[in-house]
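*Asks:* Structural data only, the sequence is not supplied:
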């Protein structure tokens, strides 16, 4: 008789500890608030960043790690865009205030009212 070799179960790889996927939620909220104060159109990009940031944890909990990584990368991209727009708004506000700011605007408006 021939000897049948024993069947060994396939080796299961040890559970790998996946690195956490950052959701960038805090960054997206802070940049959105700053963008609202400094550059109002950047509010739209900030909301997009918040939406992608919120999707990351949902996708991780569903087991879709690739989708979570894509959402994290998108959130980071939109956070950078929002932060840059907020920085541009800050520079514009600094220039505007250094050139007279609201006082100059109010004087201009009074001149326009007197002309009509």
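*Replies:* Great, that's in hand. A quick note: this is a predicted structure, and the numbers were derived from the prediction, not measured.

*Asks:* contacts, neighbours, all on C-alpha from now
*Replies:* Noted.

*Asks:* Helices of this protein, start to end?
*Replies:* Along the chain, the segments classed as helices by DSSP state H run 25-38, 42-62, 65-98, 101-115.

*Asks:* nearest to residue 19, of these?
*Replies:* Of all the helices of the chain, helix 65-98 sits nearest to residue 19, with 10.5 Å by Cα to Cα.

*Asks:* Could you figure out how far that closest one is turned away from helix 101-115?
*Replies:* For helix 65-98 against helix 101-115, the angle by axes from the mean of the first three to the mean of the last three Cα atoms, to 10 degrees is 60 degrees.

*Asks:* so what does helix 65-98 touch, helix or strand wise?
*Replies:* Applying 3 or more Cα pairs under 8 Å, 6 or more residues apart in numbering; DSSP states H and E, one finds that helix 65-98 makes contact with helix 25-38, helix 42-62.

*Asks:* Of all the residues in that helix, which ones are buried?
*Replies:* 65, 67-69, 71-76, 78-83, 85-87, 89-90 (16 or more other Cα atoms under 10 Å).

*Asks:* now do stretch 26-44
*Replies:* For stretch 26-44, by 16+ other Cα under 10 Å, it's 27-36, 38-39, 42-43.

*Asks:* Okay, now the unreliable bits of the protein?
*Replies:* The chain contains residues with pLDDT under 70 at 1-2, 11-18.
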